[in-house]
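Novice: A predicted structure for the sequence below; I have some questions about it.
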Amino acid sequence: MYIVIDDRVLVTEGYQSLFTGEGVPAIGFTPSRFQEWVEDTSADHLNSVEAFLIGDCAERSTFPTMIRRRSQAPVIAMNEASSLEKTLELFAAGVDDVVRKPVHVREILARVNAMQRRAEKRRASDDEVTIGEIKVHFDGSDPEVAGEAMALPRRERRILEFLMRNRGRWVTKTQVFNAVYGLFDAEVDEAVVESHVSKLRKKLRERLGYDPIESKRYLGYTIS
């Protein structure tokens with residue numbers, strides 16, 4: 001889910017529509033409503049946010065710090081005009097990237113995907129991650145489940161690794177798809193994620209006696 005903040009409802013509704021057209025959920029907020037939302041929203045919902053996009057508003061230099069108190073999702077500022085001074089001010093305020101409007105939502109998706117890949121590599125610097133009776137390795141070998149290796153097809157193993165790397169966070173179907181197939185793989189429908197996850201959950205449930213993967217509408221998937 002993408003969050004768009006701007007003084008103008010026309011802008012927030014426009015980007016919300018464009019993201020929806022790409023199959024990506026988005027919500028638009030005016031600055032005052034956004035501040036209330038960040039303070040009152042549960043951690044589960046905040047963990048489903050893939051990025052925050054801050055457009056024109058008087059408060060935007062203060063928003064990155066406020067967001068960081070509750071979320072580690074990328075913060076991108078959108079500028080109406082190119083200005084080195086304004087760009088430097090925004091980076092100093094804590095944004096992760098600055099783009100100039102008009103910007104296509106596919107470019108935003110590509111930028112966020114690149115940030116997520118870098119963050120994923122940093123998390124994957126550990127040789128392995130263990131949650132309960134599940135241990136995954138990041139060298140291409142099969143995971144261990146309930147003390148024994150479990151052979152999985154490549155895409156199911158990739159999904160399990162992605163969920164384990166993002167432990168404690170909700171990840172959307174789109175995020176899972178991008179991690180497994182890549183952002184611009186137009187030949188594969190995103191719906192295949194549900195099939196892969198369903199097969200993975202069945203295998204884990206048979207081995208463990210319970211389902212460690214939780215799914216919620218609008219939030220996506222998480223593992224515990």
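Specialist: Sure, I can see it. Owing to the predicted nature of the structure, the values given are computational and were not obtained by experimental measurement.
Novice: if you go through this protein in chain order, where are the strands?
Specialist: 2-5, 26-29, 51-54, 75-79, 97-100, 128-131, 134-137, 144-145, 148-149, 213-216, 220-223 (DSSP state E).
Novice: Out of those, which is the most enclosed?
Specialist: Comparing the strands of the chain by mean neighbour count (mean count of other C-beta atoms under 10 Å), strand 2-5 comes out on top with a mean of 26. C-betas here are computed from N, CA, C, even on glycine.
Novice: pLDDT score assigned to the most centrally placed residue in the chain?
Specialist: With distances taken as C-alpha atoms, centre = their mean, Glu50 lies nearest the centre of the chain, 3.4 Å away. Predicted confidence (pLDDT) for Glu50: 87.
Novice: One more: Leu163?
Specialist: pLDDT at Leu163 comes out at 92.
Novice: Test my guess that it contacts Ser215.
Specialist: No: Leu163 is not in contact with Ser215 according to C-beta atoms under 8 Å; the separation is 10.8 Å.
Novice: shared neighbours, these two?
Specialist: By C-beta atoms under 8 Å, 6 or more residues apart in numbering, Leu163 and Ser215 have these common neighbours: Tyr221.
Novice: Low-confidence ranges, this protein, go.
Specialist: Across the chain, the ranges flagged by pLDDT under 70 are 120-126, 182-188.
Novice: now the helices: where do they sit in it?
Specialist: Assigned by DSSP state H, the chain shows helices spanning 9-21, 31-40, 43-47, 63-68, 84-93, 105-123, 154-165, 173-181, 192-208.
Novice: Would you mind confirming that Val180 is in contact with Ser195?
Specialist: No: judged on C-beta under 8 Å, Val180 makes no contact with Ser195 at a distance of 11.7 Å.
Novice: Give me the more crowded residue out of the two.
Specialist: Val180 (20 against 11; other C-beta atoms under 10 Å).
Novice: got the contact list for that one?
Specialist: Counting by C-beta under 8 Å, 6+ apart, Val180 has contacts 155, 158-159, 162, 193, 196.
Novice: Swap in 6 Å and give it another go.
Specialist: When contacts are counted by C-beta atoms under 6 Å, 6 or more residues apart in numbering, Val180 is found next to 155, 158.
Novice: and if you look at Val98?
Specialist: The contact partners of Val98, by C-beta under 6 Å, 6+ apart, come to 77, 87, 90.
Novice: for those, which one is nearest Ser224?
Specialist: Ser224 lies nearest to Ala77 out of the contacts of Val98, by C-beta to C-beta, at 34.2 Å.
Novice: what's the distance between the residue nearest to the centre of the chain and Glu128?
Specialist: Between Glu50 and Glu128 the computed distance is 26 Å (C-beta to C-beta, to the nearest Å).
Novice: Nothing else from me, thank you.
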